[in-house]
Every structure is written in structure tokens, then in C-alpha cells.
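Visitor: With the input below, show me the fold.
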Amino acid sequence: MGENIQSTNKLGDIAIKNNLINSDIIEKKYFYHFIKRLVDIIGSSVGLVLLFPLFLIVAILMKREELKGPIFFSQTRAGKNEKNFKMYKFRSMCVDAEEKLADLLKHNEIEGAMFKMKDDPRITKVGKFIRKTSIDELPQLWNVLKGDMSLVGPRPPLLREVAEYTEYDKQRLLVKPGCTGLWQVSGRNEVGFDEMVELDIKYIKNLSVWNDIKIIFKTIGIMIKPNSAY
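Guide: Have a look, this model is predicted:
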């Protein structure tokens with residue numbers, strides 16, 4: 001009986017291994033990577049300039065609500081090939097949000113290596129609005145300009161989330177993480193962790209400039225008419 005279970009597990013491991021994406025094929029898409037980086041540089045540069053007035057308005061509103069709190073929030077995330085980097089966002093939570101997380105983990109509303117809570121008490125009033133409209137993500141244009149991220153790609157996970165990843169899940173980290181991606185335009189918080197991984201793998205298997213452009217336009221539409229983001 002034990003031998004049969006071990007044999008079944010081995011067959012399962014082999015099946016998963018054979019189903020993994022060949023990273024060499026991804027790396028050899030030289031033209032795609034060149035165009036993608038060019039679009040990232042131009043897009044993030046133009047975005048940072050045009051969106052500066054919006055950044056200023058958000059900063060003023062945040063200071064009115066919580067004077068002593070910082071405007072930006074930085075957090076270490078896992079990037080391409082698990083390389084760590086500092087990701088920037090507008091702060092949407094109270095200043096002691098990380099300290100309060102441990103007490104909220106039991107209320108996680110999504111399965112897998114990710115935390116989501118619709119009525120998270122740590123979120124500020126301004127934070128609810130900028131999350132709903134994805135404005136809180138806009139400072140990541142600086143990460144894109146630096147080369148840590150891309151405009152389009154899988155969302156960069158927290159280090160504690162990656163610690164729970166299987167080899168299959170880690171395929172999300174074969175490309176640069178993005179400000180937006182297939183997950184964000186496919187339901188976002190209504191999509192579970194496993195579904196998110198499948199969407200990211202689908203995106204990576206079908207890398208193309210055209211697919212990136214479609215995701216960018218869908219993202220703009222969601223920012224105008226918000227989806228289930230919270």
C-alpha cells in the first residue's frame with residue numbers, strides 16, 4: 001500500500017515537472033523583451049509626468065486624514081527569478097498595519113499563499129478610494145522605470161507568500177512582475193490563488209506585445225469603471 005502511494009506521488013511529481021515552462025524559451029524572446037523594455041521606459045516616464053498633479057492631490061488628501069503618516073509605502077517583494085526589490089505604493093493603510101496583520105490572518109478570505117480581506121479595518125478612508133480605483137498602485141511606475149518591474153506582468157508576491165509556493169507556483173517569477181496583468185483584468189479579488197497562478201502561467205506562455213497592449217487598455221477601463229478591487 002505504502003509503495004503504491006509513493007509510486008503515485010512520484011508520477012505526480014514527474015507530471016508537474018514535465019508541465020513546467022521552459023525558462024530558456026522565455027529568455028530567448030529577445031525582440032519581445034527589447035520592445036517591452038522600450039515601452040516600459042517610455043510609458044513609465046510619460047505616466048510619472050502626466051500623473052504628477054494626481055499624485056499631489058492624493059498626497060494632500062492623505063495628509064488631511066492622517067497628518068503624521070507617510071505618503072508612500074514601500075515593501076520588499078519577490079521579482080523575476082526571486083530577486084528581491086522594494087516596491088512602492090501610496091499608503092492605503094494605517095501606519096501600524098504590518099503589526100496588526102498577525103491578528104487578522106484568521107480572517108483571510110482567499111485560499112492559498114495570499115492574504116485578502118474585503119473589510120480590512122487597517123484601510124484608511126482615502127485608502128479605500130485609491131484601492132478601488134487602483135490609484136494606490138501608480139507609484140510603481142517608478143519601479144518600472146528602474147527596471148524592477150514592467151507595466152504588464154504577474155503581481156510581485158510578498159516573501160512570506162513565496163515561502164509557501166510550490167515549484168509550479170514559482171513559474172509566476174519567470175518574468176518581471178507588473179503593475180497590472182491578466183489577473184487584475186480577470187476578476188482580481190474574486191479570483192482565488194490557484195486561479196491567479198493559472199492566469200499568470202497562461203500569460204507567460206503567450207507572451208506578446210499585442211497581449212500586453214490589450215491588458216493595458218483593459219486596465220485603463222477598470223480604473224475608469226472599477227471592478228472588484230479592495
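
Visitor: Apart from its neighbours in sequence, what residue is nearest residue 85?
Guide: Setting aside the residues directly before and after it, residue 85 is nearest to residue 148 in space (CB to CB, 6 or more residues apart in numbering), at 4.2 Å. Where you see a C-beta, it was placed from the backbone N, CA and C, and this is true even at glycine.

Visitor: Am I right that the one you found sits in a helix?
Guide: No. Under DSSP: H, G, I helix; E, B strand; the rest coil, residue 148 sits outside any helix and is assigned coil.

Visitor: Go ahead and confirm it touches residue 76.
Guide: No. Shown here, residue 148 and residue 76 do not form a contact pair, counting by CB atoms under 8 Å, at 11.1 Å.

Visitor: okay, these two: which has more neighbours?
Guide: Taking neighbours as other CB atoms under 10 Å, residue 148 and residue 76 compare with residue 148 leading, 21 against 12.

Visitor: Where does residue 186 sit, in terms of helix or strand?
Guide: Per DSSP states H and E, residue 186 falls between elements, in no helix or strand.

Visitor: For it, which residues are in contact?
Guide: Residue 186 makes contact with residue 199, according to CB atoms under 8 Å, 6 or more residues apart in numbering.

Visitor: So for it, what pLDDT did the model give?
Guide: In the predicted model, residue 186 carries a pLDDT score of 81.

Visitor: residue nearest the centroid of the protein?
Guide: The C-alpha lying nearest the average C-alpha coordinate of the chain belongs to residue 155 (CA atoms, centre = their mean; 1.8 Å).
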